[in-house]
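[1] Build the 3D model from these lines:
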Amino acid sequence: GAPTFELRWAREGRFTHDGLAALLAETVEERLLPLLRRSPLCDQGSELVLCEALVRYYEDGRRRVHPAHFDADALVTAVFEASP
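    Residues are numbered from 1 along each chain as shown. Presented below is the predicted three-dimensional model:
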């Protein structure tokens, strides 16, 4: 298939891209992770953390979809969609 254009902004629980971390870290740390920690997916008092994060970019005339798939090494996969 066509290539995807992606940038990892967190790896092994550490933010690796300052600009994307500045835009997204607060949402992940203060909204997403607390929500997931309270969910039935996690044990009460879980220390669930962000392990890896990436941004994919889709441009007209190039690959525009990323078919559904299973992330075998993740408890949770979160997808945020943003448009200009």
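[2] Could you point out the helix or strand that follows the longest helix along the chain?
    In terms of residue count, the longest helix belonging to the chain (DSSP state H) is helix 18-27. Next in sequence after helix 18-27, counting helices and strands by DSSP states H and E, comes helix 33-38.
[3] any idea of the mean pLDDT for that next one?
    The average pLDDT within helix 33-38 is 91.
[4] in it, what's buried?
    For helix 33-38, the neighbour count (16 or more other CB atoms under 10 Å) marks 33, 37 as buried. (C-beta placed from N, C-alpha, C; glycine too.)
[5] Residues in contact with that helix: which ones?
    With CB atoms under 8 Å, 6 or more residues apart in numbering as the contact definition, helix 33-38 has outside contacts at 42, 46, 48-50, 76.
[6] I'd like the residues you listed as TSV, with pLDDT, neighbour count and distance to Leu24 appended.
    As requested, the contacts of helix 33-38 are exported to TSV (pLDDT from 0 to 100; neighbours: other CB atoms under 10 Å; distance: CB to CB, whole Å):
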residue	pLDDT	neighbour count	distance to Leu24
Cys42	85	15	21
Ser46	79	14	21
Leu48	86	16	17
Val49	88	11	15
Leu50	89	19	10
Val76	84	14	16
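[7] Same list (the residues you listed) but as JSON lines, adding secondary structure and distance to Phe70.
    As requested, these are exported to JSON lines (DSSP: H, G, I helix; E, B strand; the rest coil; distance: CB to CB, whole Å):
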{"residue": "Cys42", "secondary structure": "coil", "distance to Phe70": "19"}
{"residue": "Ser46", "secondary structure": "coil", "distance to Phe70": "22"}
{"residue": "Leu48", "secondary structure": "coil", "distance to Phe70": "19"}
{"residue": "Val49", "secondary structure": "coil", "distance to Phe70": "21"}
{"residue": "Leu50", "secondary structure": "coil", "distance to Phe70": "19"}
{"residue": "Val76", "secondary structure": "coil", "distance to Phe70": "12"}
